[in-house]
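**Q** Sequence first, then the predicted structure, then my questions.
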Amino acid sequence: MKKYIILVIAFLFSALCLNVFAQTKSYPFEVVKTGTGKQSIIFIPGFASSGEVWNETKANFEKKYTCYTLTMAGFAGTKPEANPSFKNWEDGIAAFIKDKKIEKPIIVGHSMGGGLALAIASDYPELAESIVVVDALPCLAALTDPSFQSKEKNDCSAAVTQITALNEKQFYDMQKQTMPRLLSDQSKLEMVVDWSVKSDRKTFAEMYCDFYNIDLREKIASIKCPSLILLESYFINLKPAIEDQYKNLKTAAFKYADKGLHFIMYDDTVWYMAQLNNFIKS
């Protein structure tokens, strides 16, 4: 009997160890894998957006490419992290690529996701085959303040307090008022607003505050891979300032949309898909 009890204890201990060490490594995002192909594409959505923002885009590539579509933690109803940060998200995506042995993926990012694509290609210059940045800048704050300098210790507590104090209606109204300045396609408006409303408020505030403090203007000099920069139509009026931000990215090709706003994939779809096809399939 004593021998039997010892065997049971040993078995349970082994099972516990196996369970602990076999747990899947966690990443700061949810991911959906679709398509088939030797070449992989990683799609990173923008601030408070769902990976669904790429549905029409990835449908164009799934027959010949393996697609990994992310939704960052805390955005659009996904489970939030305790302490999210731009840097942790960057490193988490890079770790995922390495862990899953995804060889030289093409990284496509919109808005904050475009910033993450730039950061990954800067800090991990051998990781990506190429990057596509959809309406993002190396330093968002510098567009309105050319003298902007990133803070070493960026306190986001005031932003968190302000956003988390809003009730459901106030937060919805804020997003409903903001989104028409980012998206002209009215048929997509409520869907995009809903992604924001379903986002974790603390994550929403912390990541907006953190991203606004990011300055990649010097760092992008490290990028070695081909880089397609797609920009909304209005930015042609700010071309000198925008391309000055990108002056250290020697591999950049700039394209300005013909119409629409920040969500180029919805507002100027034909032009947008033509640029992606020419760049990715060439």
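**A** Looks like it came in fine.
**Q** Would you map the strands across this structure?
**A** Assigned strands in the chain, in chain order: 29-34, 40-44, 66-72, 106-110, 130-134, 227-231, 252-256 (criterion: DSSP state E).
**Q** Setting the sequence-adjacent residues aside, check what's closest to Y68.
**A** Setting aside the residues directly before and after it, Y68 is nearest to I42 in space (Cβ to Cβ, 6 or more residues apart in numbering), at 4.7 Å. Backbone N, C-alpha and C define where each C-beta goes, glycine included.
**Q** Repeat that for K87.
**A** A119 (7.9 Å).
**Q** Could you list which residues are in contact with that neighbour?
**A** A119 makes contact with F86, K87, E90, I214, L216, K219 under the criterion Cβ atoms under 8 Å, 6 or more residues apart in numbering.
**Q** residues contacting the closest residue to S85 other than its chain neighbours?
**A** Closest residue to S85 apart from its sequence neighbours, by Cβ to Cβ, 6+ apart: D210 at 5.6 Å. For D210, the contact set (Cβ under 8 Å, 6+ apart) comprises P84, S85, F86, N154, C156.
**Q** what about the nearest residue to M112 once chain neighbours are set aside, how many neighbours?
**A** Spatial nearest neighbour of M112, chain neighbours left out: F47 (4.3 Å); criterion: Cβ to Cβ, 6+ apart. Neighbour count for F47, taken as other Cβ atoms under 10 Å: 20.
**Q** Just confirm F47 contacts E206, I think it does.
**A** No: here F47 does not reach E206: they are 11.5 Å apart, not a contact under Cβ atoms under 8 Å.
**Q** and the residue nearest to F235 when sequence neighbours are not counted, what is it in contact with?
**A** Computed as Cβ to Cβ, 6+ apart, the closest residue to F235 that is not its neighbour in sequence is I242, at 5.6 Å. Residues near I242 by Cβ under 8 Å, 6+ apart: L137, L143, L231, F235.
**Q** surely D215 meets P146?
**A** No: using Cβ under 8 Å as the test, D215 is too far from P146 to be in contact (11.8 Å).
**Q** how close does W89 get to P45?
**A** 12 Å (Cβ to Cβ, to the nearest Å).
**Q** what sits in contact with each of the two?
**A** With Cβ under 8 Å, 6+ apart, W89 and P45 have common neighbours M72.
**Q** still on that earlier bit, ok, and the most crowded of the contacts of A119?
**A** L216 (26 neighbours).
**Q** Tell me which helix or strand in this protein has the weakest average pLDDT.
**A** In the chain, no helix or strand scores lower on mean pLDDT, DSSP states H and E than helix 2-22, which sits at a mean of 42.
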